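> sequence first, then the predicted structure, then my questions.
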Amino acid sequence: MAAISRTEVAHLARLARLAVSEEELDRFAGQLDVILQAVARVGEVAAADIPPTSHSVPLTNVLREDVVIPCLGQEDALSGAPDAQEGRFRVPRILEEES
């Protein structure tokens with residue numbers, strides 16, 4: 001018995017707003033059936049004693065350790081700014097206010 005029918009493929013095509021011809025419905029039904037059967041076989045192989053995994057090989061973190069270092073102070077950060085006001089960068093307005 002097929003896992004997906006031609007009618008279901010037509011319904012999915014309508015939902016996805018895809019224009020599918022009659023010949024494509026038959027072809028897609030067959031292709032989707034093969035895919036669904038393969039997924040079902042994988043589900044049969046999965047056993048309760050095998051833990052789920054996200055990767056086939058163990059991963060290691062390649063990032064460096066977080067180390068707190070002194071950062072740029074406010075005065076130093078604003079020293080190169082073309083315009084600063086009240087301890088912040090001052091930039092030209094780009095949006096108009098709506099009335």
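Ah, there it is.
> list the buried ones in the helix of greatest length in the chain?
Secondary structure of the chain read by DSSP state H shows that its longest helix is helix 22-45. When burial is assessed from 16 or more other CB atoms under 10 Å, helix 22-45 yields the following buried residues: Leu25, Phe28, Ala29, Leu32, Asp33. Every residue, glycine included, has its C-beta placed from N, CA and C.
> now for those: which two are most distant?
Within the buried residues of helix 22-45, Leu25 and Asp33 form the most distant pair, 12.3 Å apart (CB to CB).
> in the helix or strand that the longest helix of the chain is followed by, what's buried?
As assigned by DSSP states H and E, the chain's next helix or strand after helix 22-45 is helix 74-78. For helix 74-78, burial by neighbour count (16+ other CB under 10 Å) applies to Leu78.
> C-alpha coordinates for helix 74-78, PDB please?
Output in PDB follows, covering the C-alpha atoms of helix 74-78 (Å, rounded to 0.1, in the frame of the first residue of the first chain):
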ATOM      1  CA  GLN A  74      33.500  55.800  27.600                       C
ATOM      2  CA  GLU A  75      35.800  58.800  27.100                       C
ATOM      3  CA  ASP A  76      38.200  56.800  24.900                       C
ATOM      4  CA  ALA A  77      35.300  55.400  22.800                       C
ATOM      5  CA  LEU A  78      33.800  58.900  22.300                       C
END
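> how far is that helix from where the chain is centred?
When distances are taken as CA atoms, centre = their mean, to the nearest Å, helix 74-78 is centred 38 Å away from the chain's centroid.
> and for the helix or strand that that helix is followed by, what's in contact with it?
For helix 74-78, the succeeding helix or strand toward the C-terminus, using DSSP H and E, is strand 84-85. For strand 84-85, the external contacting residues (CB atoms under 8 Å, 6 or more residues apart in numbering) are Leu78, Arg90.
> so, low pLDDT: which residues of this structure?
Applying pLDDT under 70 to the predicted model, the residue ranges of the chain that meet it are 46, 98-99.
> what do you get if the cut-off is 80, keeping everything else the same?
Screening the chain residue by residue with the criterion pLDDT under 80, one finds the ranges 1-2, 43, 45-54, 96-99.
> format the buried residues of helix 22-45 as CSV; extra columns: distance to His11.
Formatted as CSV, the entries for the buried residues of helix 22-45 read as follows, by distance: CB to CB, whole Å:
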residue, distance to His11
Leu25, 10
Phe28, 12
Ala29, 11
Leu32, 12
Asp33, 15
